[in-house]
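Colleague: predicted model and sequence follow; I will ask about them next.
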Amino acid sequence: MSKSWEAKDDEKERARQAFMREQAERDRAQSERRRRLCSFLKFPQVCGDARCKRARRCAGDVDACFARFWPQVPEEIKENIRHAIKLVGEGAPPHEAAIQAQAYVGQRRRIGEEMARREAARATGTPAEPASDAASIAVTRTHAPARVSGPRIRAL
């Protein structure tokens, strides 16, 4: 009977070790994604770490660098990056995702400005005037669903 308990303990230990390996791989992948983002945003140009300056890319402690410089990035750029990452995750090519994300964030900013203008007009009791660029406020679809297209088949 003790053999079965030992086998269960060994199985638990193997499962724990497999989980730890998977967790380490996820952490390494997360660090690599952050390292690429830090390099893309040119954080190494202002980083005090000599390794980053020599390599001209993020080569030091990526978590410390990210924590130090990410709060300095303007919120609109953060939203642009987040939306582009979401689109790439859905299967869009990176270049197209960047273009669509920029259009989406710009559209959201214009809608927010229009809403603030209308709210200010409502608070003062004056009727709201239409925006000078009303066509740019219209909501448009920024991300079309992926289409699966196959060969054309014609029946005779």
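Modeller: On my side now, so go ahead. Residues are numbered from 1 along each chain as shown.
Colleague: ok, which stretches of the protein are helices?
Modeller: 2-40, 50-55, 62-69, 75-89, 94-124, 134-137 (DSSP state H).
Colleague: how close does residue 66 get to residue 32?
Modeller: 12 Å (C-beta to C-beta, to the nearest Å). For glycine as for every other residue, the C-beta is placed from the backbone atoms N, C-alpha and C.
Colleague: the two: which is more packed in?
Modeller: More neighbours surround residue 66 than the other of residue 66 and residue 32, with 18 against 11 (other C-beta atoms under 10 Å).
Colleague: give me the distance between that one and residue 119.
Modeller: Look at residue 66 and residue 119: by C-beta to C-beta, they are 36 Å apart.
Colleague: format the helices of the chain as JSON lines; extra columns: mean pLDDT.
Modeller: Below are the helices of the chain laid out as JSON lines (pLDDT from 0 to 100):
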{"stretch": "helix 2-40", "mean pLDDT": "87"}
{"stretch": "helix 50-55", "mean pLDDT": "87"}
{"stretch": "helix 62-69", "mean pLDDT": "88"}
{"stretch": "helix 75-89", "mean pLDDT": "90"}
{"stretch": "helix 94-124", "mean pLDDT": "90"}
{"stretch": "helix 134-137", "mean pLDDT": "53"}
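Colleague: how far away is the closest residue in space to residue 59 that isn't next to it in sequence from residue 10?
Modeller: Spatial nearest neighbour of residue 59, chain neighbours left out: residue 51 (4.3 Å); criterion: C-beta to C-beta, 6 or more residues apart in numbering. Relative to residue 10, residue 51 is positioned 42 Å away (C-beta to C-beta).
Colleague: higher neighbour count, these two?
Modeller: Each of residue 51 and residue 10 has its neighbours counted (other C-beta under 10 Å); residue 51 has more, 13 against 10.
Colleague: surely that one meets residue 60?
Modeller: Yes. Taking contacts as C-beta atoms under 8 Å, residue 51 lies within contact range of residue 60: 4.8 Å.
Colleague: residue 83: neighbour count?
Modeller: 21.
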